[in-house]
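Trainee: Quick one, fold the following:
(chains A, B, C and D, ligands or ions: 4)
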There are 2 protein chains.
Amino acid sequence: MGATVASAVTRSVEDYLKAIYRLSTAGQPATTSAIAALLELSAPSVSGMVKRLSEQGLLEHVPYRGVALTAAGRRLALRTVRRHRLVESYLVAYLGYSWDTVHDEAERLEHAISDELAERMATALGNPGVDPHGDPIPTADGDIAEVTGMPLSDVPEGVAVEVRRVNEHDAERLRYLASLGLVPGAVVTVTGRLPFDGPITLSTPAGTHAVGPGLAADIVCSRAAE
Amino acid sequence: MGATVASAVTRSVEDYLKAIYRLSTAGQPATTSAIAALLELSAPSVSGMVKRLSEQGLLEHVPYRGVALTAAGRRLALRTVRRHRLVESYLVAYLGYSWDTVHDEAERLEHAISDELAERMATALGNPGVDPHGDPIPTADGDIAEVTGMPLSDVPEGVAVEVRRVNEHDAERLRYLASLGLVPGAVVTVTGRLPFDGPITLSTPAGTHAVGPGLAADIVCSRAAE
DNA sequence: CGGCAACATTCGGATGTCCTAAATCCGGAT
DNA sequence: ATCCGGATTTAGGACATCCGAATGTTGCCG
Ligand SMILES: [Mn+2]
Ligand SMILES: [Mn+2]
Ligand SMILES: [Mn+2]
Ligand SMILES: [Mn+2]
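Mentor: Ligands and ions are numbered 1, 2, ... in the order given. Alright, predicted model coming up:
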């Protein structure tokens, strides 16, 4: 069975599991260096933690190759992701935070709140399906909805699409995107695209704008309703 | 000046400073064993931490005698106390917690919230002066109101007094007190007192009850308004 | 096929926090 | 004045987490 004795799920452990979950979900290999980059730690630190988490049955580690979450690891990761996204949603809905400032606060609170508080926040919010960035919120049981759609950078010209999700944590970029009207729920239409990774021009609720392909790649869209 | 390089104010450090503040304010000597009892740690652990905090200029330590907070230590302690009490107040006001369940949650959240979030909660609450237990909330500047009054165990018979503050953390006791109507703001009158530390009988908004002197000592009262 | 650069791991060490066992101190009772 | 028990500190060690330097591994590319 699970072997090993309990062993506290610390803030560090939760952040590692969450990072590995994020990489896996993004289709990227969860290598030592990718985890280290995400958590801003040295590679040896990650190597050591990976070994410990594997021994605890939270990770499957193939040396020199990378790691994958076990069922137990995935469960813990999703629990932390749920808390993170609930906290972000709550702070935006009830305490005047904006989508570019909630991340850091949630990064700490996700480790400090009880199940009780997480569920009370969820209830107060009406059990939302997504957070302010359009990221799906796992259920308390660990189910999580797929987000379907294509990056804005791939949207064909002339088609009205709705912004579903913005894969961006940087506050400045988020503020910039908001100023362009590129927020979840906005309906936008690509009006032009210049070659060689040139800017994409589009019309949004906030007017006509151009964005670089880097930013556009982080914006997930799907065909607009109706 | 402050010597030493920054050095993180961790959760442990905040809890030590808060415990020492609590003892000092209660007029009790902040000895190694008193701190250890409050934090449920061994005496050697406390000895070691006391040494470190003294070196950092947060405590004044007289070996074999006890410790006192320096100005810097007191400032940090009050900051944590403010957060603790704001969190308790917020959870009760907005998230359906009751006064017997907020303490543990606040004990963790007090270390995780930013100044920003603390002030947003304070604003949402209308900058309250006291928390759900009647404990005064320090200002962001570190000022804290005195709570004046006498323990219910000392209140003379026949005088209407108002409950100001309940110095109790135990959930069961708090629930019991609430069931007797002994909550901050309640107006009560002692109707009898039996000798040899016997029970105190009193009338409260919830009827006529008797409480032991131990519990009664934790309830701070002052003459009722009007 | 062999060499090399990139990536991963191991090694040795620092720091923070906690513990038990052993020494030491201190104040009150004899 | 001396002794003793309780409180405190010191000694020695565990554990989690991090680091830089040294060492291994892998796969590509010439
Ligand atoms: Mn985090
Ligand atoms: Mn988010
Ligand atoms: Mn605490
Ligand atoms: Mn309180």
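
Trainee: So for chain A, which residue is the most central one in space?
Mentor: Using Cα atoms, centre = their mean, the residue of chain A that lies closest to the mean C-alpha position is residue A:135, 5.8 Å off.

Trainee: Run through chain A and note the low-pLDDT ranges.
Mentor: Within chain A, the set of residues satisfying pLDDT under 70 comprises A:1-6, A:226.

Trainee: So it: which segments form each domain?
Mentor: With automatic domain parsing as the criterion, the domains of chain A are listed as A:3-69, A:150-223.

Trainee: so which of those comes closest to residue B:82?
Mentor: Using Cβ to Cβ as the criterion, the shortest distance between residue B:82 and the domains of chain A is 22.8 Å, found for domain A:3-69. From N, CA and C alone the C-beta is placed, and that goes for glycine too.

Trainee: does the closest one come close to DNA strand C?
Mentor: Yes. Applying Cβ under 7 Å from any atom of the strand, one finds that domain A:3-69 is in contact with DNA strand C at A:31-34, A:43-44, A:46-48, A:50-51, A:61, A:63-64, A:66.

Trainee: What helix or strand is the residue of chain A found nearest ligand 1 located in?
Mentor: Proximity of chain A to ligand 1 (Cβ to the ion) peaks at residue A:107, 4.0 Å away. Assessed by DSSP states H and E, residue A:107 sits inside helix A:102-109.

Trainee: what sits against the residue nearest to the centre of chain A?
Mentor: Under the criterion of Cβ atoms under 8 Å, 6 or more residues apart in numbering or on different chains, the contact list for residue A:135 reads A:85, A:147, A:165.

Trainee: Those residues: which ones sit near ligand 2?
Mentor: Among those, no residue lies close to ligand 2 (Cβ under 5 Å from the ion).

Trainee: Among those residues, which lie within strands?
Mentor: Secondary structure defined by DSSP state E assigns residue A:165 of the contacts of residue A:135 to strands.

Trainee: Quick one: which of the contacts of residue A:135 is the most crowded by neighbours?
Mentor: residue A:85 (25 neighbours; other Cβ atoms under 10 Å in any protein chain shown).

Trainee: Hmm, residue A:137 and that one touching each other?
Mentor: Yes. In terms of Cβ atoms under 8 Å, residue A:85 counts as a neighbour of residue A:137; the distance is 4.4 Å.

Trainee: can you list residues touching both of those two?
Mentor: A:130, A:131.

Trainee: coming back round to it: and the residue of chain A closest to ligand 1, how far from residue B:159?
Mentor: As defined by Cβ to Cβ, to the nearest Å, residue A:107 lies at a distance of 53 Å from residue B:159.

Trainee: Also residue A:174?
Mentor: In this view, residue A:174 and residue B:159 are 60 Å apart by Cβ to Cβ.

Trainee: Which one's more surrounded, these two?
Mentor: For the pair residue A:174 and residue B:159, the greater number of neighbours falls to residue A:174 (22 against 12), based on other Cβ under 10 Å.

Trainee: how about the CA coordinates for stretch A:126-142, as CSV?
Mentor: Taking C-alpha atoms only, stretch A:126-142 is exported to CSV below (Å, rounded to 0.1, in the frame of the first residue of the first chain):
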residue,chain,number,x,y,z
GLY,A,126,-21.7,29.6,-6.0
ASN,A,127,-19.2,26.8,-6.9
PRO,A,128,-17.6,28.5,-9.9
GLY,A,129,-16.2,26.3,-12.7
VAL,A,130,-13.4,28.6,-13.6
ASP,A,131,-11.1,31.2,-11.9
PRO,A,132,-10.6,34.8,-13.0
HIS,A,133,-8.1,33.7,-15.6
GLY,A,134,-10.5,31.1,-17.0
ASP,A,135,-8.6,28.2,-15.4
PRO,A,136,-10.9,25.4,-14.5
ILE,A,137,-11.4,24.8,-10.8
PRO,A,138,-11.1,21.1,-9.8
THR,A,139,-14.0,19.8,-7.7
ALA,A,140,-13.4,18.7,-4.2
ASP,A,141,-13.4,15.1,-5.5
GLY,A,142,-10.5,15.9,-7.9
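
Trainee: Identify the spatial nearest neighbour of the residue in chain A that ligand 3 sits nearest to, chain neighbours not counted.
Mentor: Nearest to ligand 3 in chain A, going by Cβ to the ion, is residue A:112, at a distance of 9.8 Å. Distances taken as Cβ to Cβ, 6 or more residues apart in numbering or on different chains put residue B:112 closest to residue A:112, at 3.7 Å, once the chain neighbours are dropped.

Trainee: Surely the one you found touches residue A:110?
Mentor: No. Residue B:112 lies out of contact with residue A:110 (Cβ under 8 Å); the separation is 9.0 Å.
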